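In: quick one, what's the 3D model for this:
(4 chains)
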Protein chains: 2
Amino acid sequence: MASRPQNKSKVKLLDAAMQLIRQKGYAATTVDDICAAAGVTKGSFFHHFKNKDELGIEATGQWETMTEAVFGAAPYRSLLDPRDRVLGYVDFRATMLEWDVQTFTCLLGTMVQEVYTTHPELRAACNEHMSNHTAKLIDDVEAAKRLYAPDAPWSAQSLAYYIQSVLQGSFIFAKAKLSAEVAIDSLGHLKRHLETLFPKTQN
Amino acid sequence: MASRPQNKSKVKLLDAAMQLIRQKGYAATTVDDICAAAGVTKGSFFHHFKNKDELGIEATGQWETMTEAVFGAAPYRSLLDPRDRVLGYVDFRATMLEWDVQTFTCLLGTMVQEVYTTHPELRAACNEHMSNHTAKLIDDVEAAKRLYAPDAPWSAQSLAYYIQSVLQGSFIFAKAKLSAEVAIDSLGHLKRHLETLFPKTQN
DNA sequence: TCTTTTCCATACCGATTGGTATCTTTTGTC
DNA sequence: GACAAAAGATACCAATCGGTATGGAAAAGA
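Out: Model (predicted):
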């Protein structure tokens, strides 16, 4: 029972990194910080990662698998009407805002702001995983548009990214104010906007 | 003519800091970096600022005075209809997106993400100046609401912050993608939304 | 002009940083 | 149990970090 599951330390390092980077940012999070939080030594760290940047990149991957699990299992995902899924996504994120600020913010949005000029591969990794997350939303928006707003002048992709932008921007103000109030109100605006974009009357 | 204007070095340090922090983030921007970019030595730096954090705080102040000058002189400011001023604000920010990514992004939004847990005074400074900028927008939104949507269920303040959130979130995606395309589309969505919130027909 | 204060440059320092070298321990495999 | 490979611990290092000490030049006040 005390057998060491393989890569247990690596997972602990990645988890600690995700948590710390979201709190302090990428540059301010040191390798020693991560090792201490994970409860392992630097020997282990540099066994699993060739340097700090590689950890950062792998952390973005770990972030996507983690969030994918959360959103994939969310109840809104099983709604039949794509319009309901889009609105359900916003609602789901609104409920997440009840958590601590440090818990509902996005690792990728936080990191990419810091590193987009200095760490090209990290920026690309953040962009890729943000795009992957958005891609699933695009599918629902696309389907909802076909049903409820087929002639709208905007693309499903642009609307999905718009939704993501509202979220990311809301996180910034939640951090600035140490409160999710503004963010919750913003998601309210967003939801009303989406409801007018996809008018139910036609149904 | 060669007389030393007072605080010329201090201004150069603040300007260099604003530029570098927007590119590399706060933690990754070193005091030496700033001095080199400003063309002065550390002796001058620590004469004007007692430490790096004080520079950061003063940089947020300098940022507000700079942006206030830009937005205060913008043509949309002199429009008579508050609705036009709100829409003009969004248009104005859209035109700014034609600049380089490093030029249109926001120092405060960038900094606060990094420091909100680790540097309380810096977070407070960012929050204050973001609030000051938003306050002017709130006035116009408030006036527009009175004229065009007096019975709307949302507050002028929440809508102004919503607009700010869209902007901040758009900046994140602009950085992630090294392109303003998504941001431009998002501002398009935002403007259409505002136009429906403040219907012109009533006029 | 003399003096005081502001401003800025040089040199330096202790602490921390990411990273390495080396060695021991654990784990899977035969 | 033997053995190779993976995993992790310890000690260490060069470079860089924010910050200090100090001295001199420029500006301002008298």
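
In: what's the local residue count around the nearest residue to A:Leu13 once chain neighbours are set aside?
Out: Residue nearest to A:Leu13 in three dimensions, not counting chain neighbours: A:Ala38, with 4.6 Å by CB to CB, 6 or more residues apart in numbering or on different chains. Every C-beta, even on glycine, is put in place using the N, C-alpha and C of the backbone. Applying the criterion other CB atoms under 10 Å in any protein chain shown, we find 21 residues in the vicinity of A:Ala38.

In: and stretch A:151-170, what's buried?
Out: Within stretch A:151-170, the residues scored as buried using 16 or more other CB atoms under 10 Å in any protein chain shown are A:154, A:156-170.

In: closest to A:Gln23 among the residues you listed?
Out: Nearest to A:Gln23 among these: A:Gln168, at 17.1 Å, using CB to CB.

In: double-check the closest one against B:Gln168; I have them as touching.
Out: Yes. Using CB atoms under 8 Å, A:Gln168 is in contact with B:Gln168, at 7.0 Å.

In: in helices, which of the buried residues of stretch A:151-170 appear?
Out: In helices, defined here by DSSP state H, the members of the buried residues of stretch A:151-170 are A:156-170.

In: for A:Ala2, give me the pLDDT.
Out: Looking at A:Ala2, its pLDDT reads 31.

In: then A:Lys8?
Out: Reading off the model, A:Lys8 has pLDDT 87.

In: can you give me the buried ones in the helix or strand hosting A:Thr67?
Out: Under the criterion of DSSP states H and E, A:Thr67 resides in helix A:52-72. For helix A:52-72, burial by neighbour count (16+ other CB under 10 Å) applies to A:52, A:55-60, A:62-64, A:67, A:71.

In: quick one: the top helix by length along chain A near DNA strand C?
Out: Ranked by residue count under DSSP H, the longest helix found in chain A is helix A:120-148. No. Helix A:120-148 stays clear of DNA strand C (CB under 7 Å from any atom of the strand), getting no nearer than 12.6 Å.

In: so for that helix, what's the average pLDDT?
Out: Rounded mean pLDDT across helix A:120-148 is 98.

In: may I see the buried residues of it?
Out: A:122-127, A:129-131, A:133-134, A:136-138, A:140-145, A:148.

In: which of these come close to chain B?
Out: A:123, A:126-127, A:130 (CB under 8 Å from any CB of the partner chain).

In: closest to B:Leu190 among those?
Out: Nearest to B:Leu190, judged by CB to CB, of these is A:Met130 at 19.5 Å.

In: since that was my last question, I'll sign off now.
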